[in-house]
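A.B. asks: no sequence for this one, just the structure:
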């Protein structure tokens, strides 16, 4: 899962949200969590169902897309832009 661009690549594109992410743990790939204690806490939350994936309703998707448009129009960068190819502008 693309946690770096979650807002655009998962939430906006597929209408899926991660509900109940734990406070005190930065929103990142579980693979990047270095603390064993935090990883165990996250695992327990997934097993218990307090942290889970959920489909957004049509209304929620539309509201979220409007919010993203507001952020973009305000000049905020939503997600991490992809790196440009090294051969941009060259003929192949």
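C.D. replies: Perfect, I can see it now. Everything numeric in this text was worked out from a predicted model, so none of it was measured.
A.B. asks: I'd like to know which elements the helix of greatest length in the chain is packed against.
C.D. replies: As assigned by DSSP state H, the longest helix anywhere in the chain is helix 58-73. If contacts are counted by 3 or more CB pairs under 8 Å, 6 or more residues apart in numbering; DSSP states H and E, helix 58-73 sits against no helix or strand. Quick note: C-beta positions are derived from backbone N, CA and C, even for glycine.
A.B. asks: pull the residues that contact it.
C.D. replies: 7, 8, 11, 12, 15, 17, 56, 78 (CB atoms under 8 Å, 6 or more residues apart in numbering).
A.B. asks: what about stretch 38-52, distance to the chain center?
C.D. replies: Distance of stretch 38-52 from its chain centroid, counting by CA atoms, centre = their mean, to the nearest Å, is 17 Å.
A.B. asks: report the buried residues of that stretch.
C.D. replies: Within stretch 38-52, the residues that count as buried by 16 or more other CB atoms under 10 Å are 41, 42, 45, 51.
A.B. asks: what about the contacts of helix 58-73, which are in strands?
C.D. replies: Judged by DSSP state E, strands contain the following of the contacts of helix 58-73: residue 17.
A.B. asks: returning to that earlier point: now do the buried residues in the longest helix of the chain.
C.D. replies: Within helix 58-73, the residues scored as buried using 16+ other CB under 10 Å are 61, 64, 68.
A.B. asks: quick one: residues contacting residue 19.
C.D. replies: 51, 52, 53, 54.
A.B. asks: how about the secondary structure of residue 34?
C.D. replies: Secondary structure state of residue 34, per DSSP: H, G, I helix; E, B strand; the rest coil, is coil.
A.B. asks: so what pLDDT did the most centrally placed residue in the chain get?
C.D. replies: Among the residues of the chain, residue 6 comes closest to the average C-alpha position under CA atoms, centre = their mean, at 2.0 Å. Residue 6 carries a pLDDT value of 86.
A.B. asks: got a list of what it touches?
C.D. replies: 18, 27, 79.
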